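Q: Build me a model from this:
(chains A and B)
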Amino acid sequence: MDNLILALECDTANEIICRPDNVVELFEYTEALFTIGPLAFTRTVFLIFLAALIVVVSLYIAFRRPKVVPGKFGVIMEAMVGFVRDDVAKGTIGPDGVRYVPYLLSIFLFILVGNLFELTPFINFPITSRMAIPLILSVFTYLIFVGVGFSKNGLSYLWGIIWPKSVPVALRWFVGLIEFVSTFILRPITLAVRLFANLVAGHLMLALLLGSGWLFFASVGDIGIRSVIGIPWFVFGLGIWVFEFVVAVLQAYIFTLLSAVYIQTSVHPEH
Amino acid sequence: MEEIKGAIALIGYGLAAIGPGIGIGIVVGNAIQAMVRQPEAAGVARTTMFLGIAFTEALALIGFVLFFIA
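A: Residues are numbered from 1 along each chain as shown, chains lettered A, B, ... in the order given. I've put the predicted structure just below:
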């Protein structure tokens, strides 16, 4: 029970406050549930598959039999799909952004479910707080926007970045250098780090506040009336919980929006 | 000079948070001004505001990650 709340391995029976030596322990790989050859199937891997399954199943249930007047669940899913298609894809990329809706919708829903695992009781672990998940998603976005840029504009895509026409000639090499580094090196890194760091910070705050509140309650026999100190921690933690809900939804939105913006800069590089 | 003890990475993170803090304040303040002056363009202003926040925030988050790495 305590392990699930804190998401760390800890013998709470012997220690009143189980403080990890290093916060990295909060994100360490738990022992494998089972192994297939060199691949270990841990709790995080299980959660990754669970997130993908939730996305697929909820989309299947909502759109298996499209109705003229959908039910409550159908309305929610249609609102999400419509939001990604109209606001994110068409709003930033333009009319030909419909091509990228499947990718954008997939990453939006997957990141959203993965982020909301942070707030789900008894799971309490955002899979996006492991660098591997945001990194692979941002690598996908990177491959798509670089590929689209070269396939739509050929080599003039690269030339337009390192030799921008809208800048005075004397400054072109410098602006081009900055643009090159920011487009091809910093974009994927910041895209991944933004999601990763937000979720790490959120998981840390929730684990510390709710976990310490819970442990103060649980140790009422050892420290007596002083365990009342757990109440403000718990209340504060619940406030952060609401805040983290906003952060989880917002980060999924921002990741999708930035992917769309990066694709847009490749489709229409002159803007 | 005496030896400085403690986590210098903490100071680094604090310094890294100054710029983005000011920057996000400017972004959001101007976005609110735009939304109030032209409510019909509020949607565009909101989207651009989130973009600006995301770009500005990245610096603070890199500092946050470096704090753990250091």
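
Q: For the one helix or strand residue A:56 maps to, which residues meet the burial criterion?
A: Taking DSSP states H and E as the definition, residue A:56 sits inside helix A:43-63. Under the neighbour-count criterion of 16 or more other Cβ atoms under 10 Å in any protein chain shown, helix A:43-63 has A:43, A:44, A:45, A:47, A:48, A:51, A:54, A:55, A:58, A:59, A:62 buried. (Each C-beta comes from the backbone N, C-alpha and C, glycine too.)

Q: okay, those residues in JSON lines with distance to residue A:190 and pLDDT next?
A: Output for the buried residues of helix A:43-63, formatted as JSON lines (distance: Cβ to Cβ, whole Å; pLDDT from 0 to 100):
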{"residue": "A:43", "distance to residue A:190": "28", "pLDDT": "82"}
{"residue": "A:44", "distance to residue A:190": "23", "pLDDT": "84"}
{"residue": "A:45", "distance to residue A:190": "26", "pLDDT": "86"}
{"residue": "A:47", "distance to residue A:190": "25", "pLDDT": "89"}
{"residue": "A:48", "distance to residue A:190": "23", "pLDDT": "91"}
{"residue": "A:51", "distance to residue A:190": "23", "pLDDT": "94"}
{"residue": "A:54", "distance to residue A:190": "28", "pLDDT": "94"}
{"residue": "A:55", "distance to residue A:190": "25", "pLDDT": "94"}
{"residue": "A:58", "distance to residue A:190": "30", "pLDDT": "92"}
{"residue": "A:59", "distance to residue A:190": "29", "pLDDT": "91"}
{"residue": "A:62", "distance to residue A:190": "33", "pLDDT": "88"}
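
Q: what ranges do the strands span in the stretch 1-150 of chain A?
A: A:34-36, A:39-41 (DSSP state E, counting those that start in this stretch).

Q: Give me the longest helix you can find in the chain.
A: Assuming you mean chain A. Counting by DSSP state H, the longest helix found in chain A is helix A:230-267.

Q: Correction: the question concerned chain B.
A: When chain B is parsed with DSSP H, its longest helix is helix B:8-37.

Q: helices and strands around that helix, which ones?
A: helix B:42-69 (3 or more Cβ pairs under 8 Å, 6 or more residues apart in numbering or on different chains; DSSP states H and E).

Q: Which parts of the helix it packs on count as buried, going by neighbours?
A: Those would be B:45, B:47, B:49-65, B:67, for helix B:42-69 by 16+ other Cβ under 10 Å.

Q: ok, back up a step: tell me which of the strands of the stretch 1-150 of chain A is the most buried.
A: Of all the strands of the stretch 1-150 of chain A, strand A:39-41 has the most neighbours on average by mean count of other Cβ atoms under 10 Å in any protein chain shown, namely a mean of 12.

Q: What pLDDT does the model give the most centrally placed residue in chain B?
A: Relative to the mean C-alpha position of chain B, the nearest C-alpha, by Cα atoms, centre = their mean, is the one of residue B:20, at 2.7 Å. We note a pLDDT of 94 for residue B:20 in this prediction.
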